[in-house]
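Enquirer: Sequence and predicted structure are below.
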Amino acid sequence: MARSIDYGNLMHRAMRGLIQTVLQDVARDGLPGAHHFFITFDTTHPGVAIADWLRARYPVEMTVVIQHWFENLTVTDDGFSVTLNFGNQPEPLVIPFDAVRTFVDPSVEFGLRFETHEDDEDTEDEGDDDGDDDPPPHQDAQIVSLDKFRKH
């Protein structure tokens, strides 16, 4: 069998490293200027820790916003934890980097989208109406799709 470079996995690692670095900077220094993040993640991924009522409301996927109010942002090599406010109810969340599906900073029109083989097979009705109260990311954001680099 011929060996080859797995560019898809290398890109995924690099982009998750970018998210890790950005979140580490924010944990240390706070959000600069108008920067804020929409982070969508797979709530079924192993290692995701969210309140039971949030898991019931978002059984597959959830988008959180890190902007005006957040506390206890802690970043590790594997993921991050943060406390966010849901209707005046602070809730801690633990999100592994491997659970992240999109990371968008609409203030600078930057975004990353991580796709899996399951995403290729999903139909449009999954995740379209998830009852998410968070506003959608800025529509002009540049989304970098890594699926074309993934080895099939």
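Expert: Okay, I see it. Numbers count the residues shown, from 1 in each chain.
Enquirer: just the strands in this structure please.
Expert: 37-42, 61-66, 70-75, 79-85, 90-96, 100-105, 110-113, 142-145 (DSSP state E).
Enquirer: will you turn the ones you listed into TSV that also has distance to L18, mean neighbour count and mean pLDDT?
Expert: Just so you know, the C-beta spots here come from the backbone N, C-alpha and C atoms, and that holds for glycine as well. As requested, the strands of the chain are exported to TSV (distance: least, CB to CB, whole Å; neighbours: other CB atoms under 10 Å; pLDDT from 0 to 100):
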stretch	distance to L18	mean neighbour count	mean pLDDT
strand 37-42	12	23	95
strand 61-66	15	20	93
strand 70-75	12	16	94
strand 79-85	13	18	94
strand 90-96	16	17	95
strand 100-105	8	22	94
strand 110-113	7	20	90
strand 142-145	10	12	43
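Enquirer: Turn the ones you listed into TSV, including distance to A51.
Expert: TSV is the format used below for the strands of the chain (distance: least, CB to CB, whole Å):
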stretch	distance to A51
strand 37-42	14
strand 61-66	11
strand 70-75	15
strand 79-85	11
strand 90-96	5
strand 100-105	19
strand 110-113	26
strand 142-145	29
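Enquirer: S107 is in contact with L31, isn't it?
Expert: No: applying CB atoms under 8 Å as the test, S107 and L31 come out as separate, 9.3 Å apart.
Enquirer: ok, Q20 touching V75?
Expert: Yes: with contacts counted by CB under 8 Å, Q20 reaches V75, the gap being 6.0 Å.
Enquirer: about what we covered before: of all the strands of the chain, which one comes closest to A49?
Expert: With CB to CB as the criterion, A49 lies closest to strand 90-96 of these, at 3.8 Å.
Enquirer: Name the surrounding residues that touch the closest one.
Expert: Strand 90-96 is contacted from outside by 39, 41, 45-51, 54, 64, 71-72, 78-85, using CB atoms under 8 Å, 6 or more residues apart in numbering.
Enquirer: what packs against the lengthiest helix in the chain?
Expert: Criterion DSSP state H: the longest helix present in the chain is helix 7-29. Applying 3 or more CB pairs under 8 Å, 6 or more residues apart in numbering; DSSP states H and E, one finds that helix 7-29 contacts strand 70-75, strand 79-85, strand 100-105, strand 110-113.
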